[in-house]
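Asker: I'll drop the sequence and a predicted model, then ask my questions.
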Amino acid sequence: MADSLWLGAGETGRITIDLDAIASNWQSLADTVSPALCAAVVKADAYGLGATRIVPTLAHAGCTTFFVATLKEAAEIKPLVDEGQIYLLDGLLPDSASTVADLGVIPVLSTLDEIDDWHRQAEQSNKKLQTALHIDSGLNRLGLSAGDVARLAQNPAPFDTLKLDLVMSHLASADVPDAPENQTQLTAFTLARALLPDAPASLAASDGLMLGSAFHFDVVRPGYALYGGQAFQGATTPVKPVLEVTTRILQIRSLSRGDTVGYSATYTAPRDMRIAILAAGYADGIPRTASAATGETGGAVAIAGHVAPVLGRVSMDLIAVDVSQVPPHHLARGADVEIIGPTCTLDLVGKAADTIGYEILTRLSPRFERVYLQKGANT
Ligand SMILES: *Cc1c(COP(=O)(O)O)cnc(C)c1O
């Protein structure tokens, strides 16, 4: 690829993705939830890290069950999943049933209308279609209501043509171990499931699987934890970081006391100080909410392990950081700067920008080079 010809020279930022670490995270989660099956959620291009690289890695590690959100995402990974299942979390749109059936992926149906569509599709194609049902247990996002489940139980005709592969629900507050919603949703899910034909069940994602085996059922659906995220607030999820994001120093500047930094002059230097201008901004996925006006704490980067806080507004292509705490010999034009890594962890970066690591991850832009590490082959 032409990419690799110029990689290095003039490169302003890169995401290094450790595929072996992703495989090892999946294995570790699979061991944690065994005998339940550990699936992998690879929606949004595997949380922005590259589904076409990550799906084969996970399949090679032994993962057989994948979840995506959209039909386009399903079509992209379908050729990469020989023997295994792809679940489509968005389910069916009014015009998509035949395309979904042709592609051979399993829609997660959340409404009685979708169930009707899929039932009709099965009748037309004259074969039983694999099906998943999403039950709402309190999140009030997607899913059949308790009333829908009761109606379906009274009129189970669709199940003549549908093969029920999975009944699932999704937790609202799984990151907080003692949130009352966890037990309420567990009970609601168990009751609803009992009204439907017998089928494997799934309730837990990355945080839910940390709530203990009562939440594991037959299939767990982690996404964020596979990518090294630590959102669970009760204990450390048994996964390790998988990515580093770096940019480079374009310029070192000296400020005099009273100088301002960046658009709208929101930061005023309280003393003479040194700052570095970095080659990344909101167009790269550094949120503008990481900005820091005078007196505010915003985001931070790290240079050779030393923290350098953001000063003023994050702009489209650039950020200014305070390098007062960085030893001068690390401050060279072109030097690497850690945006996400051992010092600025994904979850800390999210917190510092008033958001979550999930959003940081999925918004890292194509402007960053993506470099994959894998035993014997770094590409
Ligand atoms: C995104 C999603 C997941 C994965 O969630 P993580 O917190 O990333 O593990 C699982 N199930 C559903 C329904 C989702 O939408």
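Answerer: Yep, it's here.

Asker: what's the burial count for whichever residue of the stretch 51-200 of the chain sits closest to the ligand?
Answerer: Nearest residue of the stretch 51-200 of the chain to the ligand: H170, at 4.1 Å (Cβ to the nearest ligand atom). C-beta coordinates here come from the backbone N, C-alpha and C atoms, glycine included. When neighbours are defined as other Cβ atoms under 10 Å, H170 has 23 of them.

Asker: contact partners for L226?
Answerer: 22, 25-26, 29, 40-41, 58, 206, 239, 242 (Cβ atoms under 8 Å, 6 or more residues apart in numbering).

Asker: select only the buried ones of the residues you listed in ChimeraX?
Answerer: To isolate the buried ones among the contacts of L226 in ChimeraX, judged by 16 or more other Cβ atoms under 10 Å, type:
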select :22,25,26,29,40,41,58,206,239,242
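
Asker: in strands only, show me the contacts of L226.
Answerer: 40-41 (DSSP state E).

Asker: near the ligand, from the contacts of L226?
Answerer: Residues of the contacts of L226 in contact with the ligand (Cβ under 6 Å from any ligand atom): 41, 206.

Asker: mind putting the contacts of L226 into CSV with pLDDT and distance to Q183?
Answerer: Listed next are the contacts of L226 as CSV, based on pLDDT from 0 to 100; distance: Cβ to Cβ, whole Å:
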residue, pLDDT, distance to Q183
I22, 98, 32
N25, 98, 28
W26, 98, 28
L29, 98, 23
A40, 98, 27
V41, 98, 24
L58, 98, 31
S206, 98, 19
V239, 98, 25
V242, 98, 32
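
Asker: with distance to S291 as extra columns, can I get the contacts of L226 in CSV?
Answerer: Converted to CSV, those look like this (distance: Cβ to Cβ, whole Å):
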residue, distance to S291
I22, 32
N25, 32
W26, 36
L29, 35
A40, 35
V41, 31
L58, 36
S206, 29
V239, 30
V242, 27
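
Asker: not counting its neighbours along the chain, what's nearest whatever residue of the stretch 251-379 of the chain ends up closest to the ligand?
Answerer: In the stretch 251-379 of the chain, the residue that lies nearest the ligand is Y358 (6.5 Å; Cβ to the nearest ligand atom). With Cβ to Cβ, 6 or more residues apart in numbering as the criterion, Y358 has its nearest non-adjacent residue at 5.7 Å, and that residue is Y224.

Asker: ditto for A201
Answerer: Distance criterion Cβ to Cβ, 6+ apart; nearest residue to A201, sequence neighbours excluded, is F217 at 4.0 Å.

Asker: and the one you found, which of the three is it?
Answerer: coil (DSSP: H, G, I helix; E, B strand; the rest coil).

Asker: what separates stretch 340-349 from the chain centre, distance-wise?
Answerer: 15 Å (Cα atoms, centre = their mean, to the nearest Å).

Asker: right, I'll call it a day here.
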